[in-house]
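Engineer: Could you work out the structure for the sequence below:
(chains A, B and C)
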Amino acid sequence: MPEMATETSESTETVGATDRLVGHQTVERLLGTSLYVVSGLLLLFLWVPLAIIIFLAFAENAVTIFPFEGLTLDNFRLALRSDSMRASLVGSFTIATVAASVATVLGVLASFALTRYRFRLREVYRTFGIIPMVIPGIILGVALRIYFQNLLGILPGFATVVLAHSLYGLPFVLLIVSARLYTFDESLEEAARDLGADPLTVFRDVTLPVIAPAVGAGFLFAWIRSFEDYIRALFLTGPNTDVLTIWMFSRIRQLDAPELNAVSAIIVFGIAVALAIAMNVGNVTGYVAGTVTEEEE
Amino acid sequence: MAADEPDESARARAVRLLSGPRSRLGVTVGPSAAWILALLVAPLAFMIAVSFFEVSSLTYQIIYEPTLNNYRSLFDGGGAIWNTPFVTALWLSYVIATVTTLLCLTLAFPLAYLLARSGGRLFKVVIFFVLLPFFTMYLVRAYSWVLMFGPGGVINSTLMSWGLIDAPLGIFNYGIPAIIVGLTHAYFPYMLLTLYASLDGLDFSIIEAARDLGASRVEVLRDHVIPLTLPGIIGGSLFVFVPSVGAFITPTFLGQGKVQMIGMLIESRVAGTYSIGYASAASMFVLVSIVGAMVLAFRYVSIEELGGA
Amino acid sequence: MGGDGTTTINIITWEEYAEMQENIESTLDGVELNITPSTSSTEMFSQWSAGQDEQFDIAVPNNNLVPRFIDSDLVAPVNQDVVNNYGSMYDKFQTFVDEQFTVDGDPYGVPIRFGWYGYAYDSRSVPDHDPSYNILFEEDYVDADLGGEIIMYDEAAKAIPAAALYLGMEDAMSGSRMTFTEDQLTEIQELLIQQKPRLQGYIAPDPTFIQEFRQGNFLVGQSGRNETVQMRSEGDDWVEYVAPQEGALAWYETAVVSAASDNQETAWEVVNEFITPQNGAALAEAGFSPSTNPNIADELTEEQNELYGRIDPARLEGMYSLKDIASDVEEAYVSAWEEVKAA
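Structural biologist: Numbering: from 1, shown residues only, chains lettered A, B, ... in the order given. Down below sits the predicted model:
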């Protein structure tokens, strides 16, 4: 609580009034710089391991930095030539796209209900809607596995993974799209309705264009969550389902570093490009942080 | 939805569906509610049921006779109740998850604060470099730490080659510290983004006013910033704590087989001997603690705030 | 299962079997192999029992699990007309099949390759000594500080027998199954827990073992023969591999065909291909473990033969083959290992 001020936030140094070792200005500056320093160190922390993988992807010595043997593109060639790598890449791509599409459709519809209609079990629904995102992957994976295999007699395979991932992606779409809908100006829709448009037209011509970036962000999130998932896929894929993360895990177990590093580097590059585009074209950052308001559109 | 040449009856039907409040509710909530019921609620309910049934070790089929044996075996073992593999693994998981959450919180707060205060290009650049690891595959990030740790890993060899240490430091060995670092690295972005969303909505003029009135930095932090960003703190902690409890990949990679968290225990029981009865019973405990964490969290924050609205 | 005439055979087996895939697919017309790598025989069994025997045609578990497959009616008898390389196998393995995998006169598995678990050590730091499990469990067996420099295999089926043999429990290891009493399991468990602080860790995958050995992360490690053979063939002549005097643990991977498979005859053809001299040699080159068919020696160089081509199965005398745990103590066995891992 505000004290009777013996210190001020002004940057004048009061001679003799205080026994400070350092003046206010210096403290301010120190704090300011240390904030930057801490943040810089954190970014370093986030990035060093990835940078090492990318570096090793170009190196002859696949697993350790020392001794350093020289740069090469062979690892990439090796990885891209691998049939199993390509098969699992395609597999994961397909699974992610199907699952994310389902999650997006379901999620967008539900977001409308959550934000606009009051219904009795709304809070319950909202809670359960979040759970697939929060529950540890092991538990969801095991639960779905025994559910499919023991109760429904469906053996793990393509269908089971897609179903699991569509559930897993749903909360992301829900959170992002409903956050957007909260700040959506419904008067636009009212205006359209006053002019005689039916609900479908209103949605297609008025609402959808405005919330499209949020829907896109939700889809992207759900897609990436599916693409990078390992633990749920582990329990729900069959021998014929090709999934990239499982391929990568077996490479890690076999310490087949060259291919693995190269594939990891390719993924990082691919996502960097996609993210840069998304950030400039749409306000992805805003949706990720959920703070976009209509004025910032 | 609408096609260019709409089929009159289909469109009319759709419009009618969307006109009445009840049917509108049905159309919007219905599909996803059905999805959640069929793919989340039912499996979890089945899992609860299975935890009360035993599985024949010969045929691996469920014997539909209610029993408490699974729960009993969780606490059975040579010695005290708190020494069984299950309890040890569960306790260890909680501890590791808590430390990871606190670490994420203290590390992410300054960065989130900085991001909330800055704007423009610096913001975009920093966010880009924060989001990028977030969007790369978790497996890749976990793997990257495997190369770093260990007596012969990158950290030790770099420090040794720079002459800073003579022999590999034990702290950089695989084990619990390595796992905590790996988990912090993995879930840091969740905490950062949630905190940022909270801080972004903070009215900094309040802070400045308090400072003008003579409050110290600590007081401002304690009395203004933290209460206002509490939803973000709680939400972020939830997003870090819960997955960390059930972590599997990171402790497998970074524990060198010596550390067993509850996720690994459950996985080994299912993959190895398909003891889904035991695994289900163990999962129940984890689920209960998660529900508890969520209930606790939702006293402080509502779901809308989780999304940052 | 493959359209327009191709049959897809789904196999769950060890990683190296993929080396033979191209050759087998070109030898057998219209056959496509889909190999799912596994790192655990127990995993193979539990997957098949849980229902995935319908999704796979062939599995190649270690010998200790095969009786379980048979008891659970998961596998089909060997089609001896098709598996014509069967007769070329070492007599020893044909005897093993007769003794362990034959029911009512029908054999149910075909051994593919074999090896044994002992331990490896870095001869630059560890002095010569009488091979014994003592080195893993006793602090002063050799004149070197091994604290934190020991690796045990990360699987109950390898670590527990090692502890048991050290403790002198040969009787329990000498039947068709491991028949420990609960007291014995407790003793084993305590020994392993006591050992834990001196361990660098538990490792299973061969590449991890090899890399960490090279990096100097440990000096003594319980391992199979193939890891060390690989290392020596790649130039690491400081690796010594020994079979402890208490008894090494012998294994032989055995191919079985699912009784639920639609393509049993084709599956047996594929199995037959596993033990042709050519494929057997390729497999040995990839996995550094010898094939059960001695004729692979014709396909390998003299140096390779010494390492993994011509290994006399008579060396398996005096070793204890990997065994399944007796079903009445299985729960205690699994818990004991979990307790060790949790300590």
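Engineer: Whether the helix or strand harbouring residue C:227 contacts chain A - can you check?
Structural biologist: Element membership for residue C:227, per DSSP states H and E: helix C:225-233. No - using Cβ under 8 Å from any Cβ of the partner chain, helix C:225-233 stays clear of chain A, with a minimum separation of 12.1 Å. Quick note: C-beta positions are derived from backbone N, CA and C, even for glycine.
Engineer: chain center to that helix, what's the gap?
Structural biologist: Centroid separation for helix C:225-233 versus its chain: 15 Å, with Cα atoms, centre = their mean, to the nearest Å.
Engineer: Let me know the next secondary structure element after it.
Structural biologist: By DSSP H and E, the next helix or strand past helix C:225-233 is strand C:239-242.
Engineer: what comes up buried for that following strand?
Structural biologist: C:239, C:240, C:241, C:242 (16 or more other Cβ atoms under 10 Å in any protein chain shown).
Engineer: got it, and stretch C:68-75?
Structural biologist: For stretch C:68-75, the neighbour count (16+ other Cβ under 10 Å) marks C:68, C:69, C:70, C:72, C:74, C:75 as buried.
Engineer: same deal with stretch C:167-181?
Structural biologist: Of the residues in stretch C:167-181, those buried (16+ other Cβ under 10 Å) are C:167, C:169, C:172, C:173, C:177, C:178, C:179, C:180.
Engineer: Which member of those residues is positioned nearest residue B:296?
Structural biologist: residue C:180 (45.2 Å; Cβ to Cβ).
Engineer: Looks to me like the closest one is in a helix.
Structural biologist: No - under DSSP: H, G, I helix; E, B strand; the rest coil, residue C:180 sits outside any helix and is assigned coil.
Engineer: Contacts only, for it.
Structural biologist: Taking Cβ atoms under 8 Å, 6 or more residues apart in numbering or on different chains, we find residue C:180 in contact with C:164, C:169, C:172, C:188, C:325, C:326, C:329, C:333.
Engineer: State the number of residues packed around the nearest residue to the first one once chain neighbours are set aside.
Structural biologist: Distances taken as Cβ to Cβ, 6 or more residues apart in numbering or on different chains put residue C:188 closest to residue C:164, at 5.6 Å, once the chain neighbours are dropped. The number of residues packed around residue C:188, counting by other Cβ atoms under 10 Å in any protein chain shown, is 25.
Engineer: Surely residue C:90 touches residue C:297?
Structural biologist: No - between residue C:90 and residue C:297 no contact is recorded; they are 11.6 Å apart, counting by Cβ atoms under 8 Å.
Engineer: Report the rounded mean pLDDT for stretch A:74-83.
Structural biologist: Stretch A:74-83 carries an average pLDDT of 78.
Engineer: repeat for stretch B:13-22
Structural biologist: On average, stretch B:13-22 scores 72.
Engineer: and it, how far apart are its ends?
Structural biologist: Start-to-end span of stretch B:13-22 (Cα to Cα, to the nearest Å) is 15 Å.
Engineer: just the strands in chain B please.
Structural biologist: B:54-55, B:62-63 (DSSP state E).
Engineer: And those: which comes nearest residue B:164?
Structural biologist: So among these, strand B:54-55 is nearest, using Cβ to Cβ, at 53.5 Å.
Engineer: ok, residue A:205 to chain C distance?
Structural biologist: Note on residue A:205: its distance to chain C, by Cβ to the nearest Cβ, to the nearest Å, is 45 Å.
Engineer: Would you check that that residue makes contact with residue A:195?
Structural biologist: No - using Cβ under 8 Å, residue A:205 makes no contact with residue A:195, being 10.8 Å away.
Engineer: and the two? which has more neighbours close in?
Structural biologist: More crowded of residue A:205 and residue A:195, by other Cβ under 10 Å: residue A:205, with 12 against 9.
Engineer: How about the contacts made by the more buried one?
Structural biologist: By Cβ under 8 Å, 6+ apart, the neighbours of residue A:205 are A:192, A:197.
Engineer: Would you check how far apart it and residue A:199 are?
Structural biologist: Residue A:205 sits 11 Å away from residue A:199, going by Cβ to Cβ, to the nearest Å.
Engineer: what about residue C:17, how many residues close to it?
Structural biologist: 26.
Engineer: got it, and residue A:158?
Structural biologist: 18.
Engineer: phi, psi of the nearest residue to it once chain neighbours are set aside?
Structural biologist: In space, and not counting its chain neighbours, residue A:158 is closest to residue A:241: 5.1 Å by Cβ to Cβ, 6+ apart. Dihedral angles of residue A:241 (phi, psi; degrees, to the nearest 10) stand at phi -90, psi 120.
Engineer: ok, now which ones touch residue A:241?
Structural biologist: Neighbours of residue A:241 in contact, by Cβ under 8 Å, 6+ apart: A:91, A:95, A:156, A:157, A:158, A:161.
Engineer: Let me know the distance separating the second one from residue A:243.
Structural biologist: Going back to what we said before, that points to residue A:95. Residue A:95 is 7 Å from residue A:243, by Cβ to Cβ.
Engineer: pLDDT weak spots in the stretch 1-150 of chain C?
Structural biologist: Along the stretch 1-150 of chain C, the model assigns pLDDT under 70 to residues C:1-4.
Engineer: For it, which residue gets nearest to chain A?
Structural biologist: residue C:36 (4.4 Å; Cβ to the nearest Cβ).
Engineer: what helix or strand does that residue sit in?
Structural biologist: strand C:31-37.
Engineer: partner strands of that strand, parallel or antiparallel?
Structural biologist: strand C:7-13 (parallel) (DSSP bridges).
Engineer: who's in contact with the partner strand?
Structural biologist: A:239-240, C:1-2, C:17, C:30-38, C:44, C:47, C:55-60, C:253, C:255, C:263, C:266-267, C:270.
Engineer: quick one: that strand to chain centroid distance?
Structural biologist: 20 Å.
Engineer: can I get the CA coordinates of it in PDB?
Structural biologist: Listed next in PDB are the C-alpha coordinates belonging to strand C:7-13 (Å, rounded to 0.1, in the frame of the first residue of the first chain):
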ATOM      1  CA  THR C   7       0.300 -60.700 -50.400                       C
ATOM      2  CA  THR C   8       1.400 -58.500 -47.600                       C
ATOM      3  CA  ILE C   9       3.000 -60.400 -44.700                       C
ATOM      4  CA  ASN C  10       3.000 -58.500 -41.400                       C
ATOM      5  CA  ILE C  11       5.900 -59.200 -39.200                       C
ATOM      6  CA  ILE C  12       6.700 -58.100 -35.700                       C
ATOM      7  CA  THR C  13      10.300 -58.700 -35.100                       C
END
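Engineer: so what secondary structure elements neighbour the helix or strand following that strand?
Structural biologist: Scanning forward in sequence from strand C:7-13 by DSSP H and E, the next helix or strand is helix C:21-27. Helices and strands touching helix C:21-27, by 3 or more Cβ pairs under 8 Å, 6 or more residues apart in numbering or on different chains; DSSP states H and E, are strand C:31-37, helix C:264-274, helix C:277-287.
Engineer: Would you mind measuring from the residue nearest the centre of chain B to residue B:257?
Structural biologist: In chain B, the residue lying closest to the centroid (Cα atoms, centre = their mean) is residue B:243, at 2.7 Å. Distance, residue B:243 to residue B:257, by Cβ to Cβ: 22 Å.
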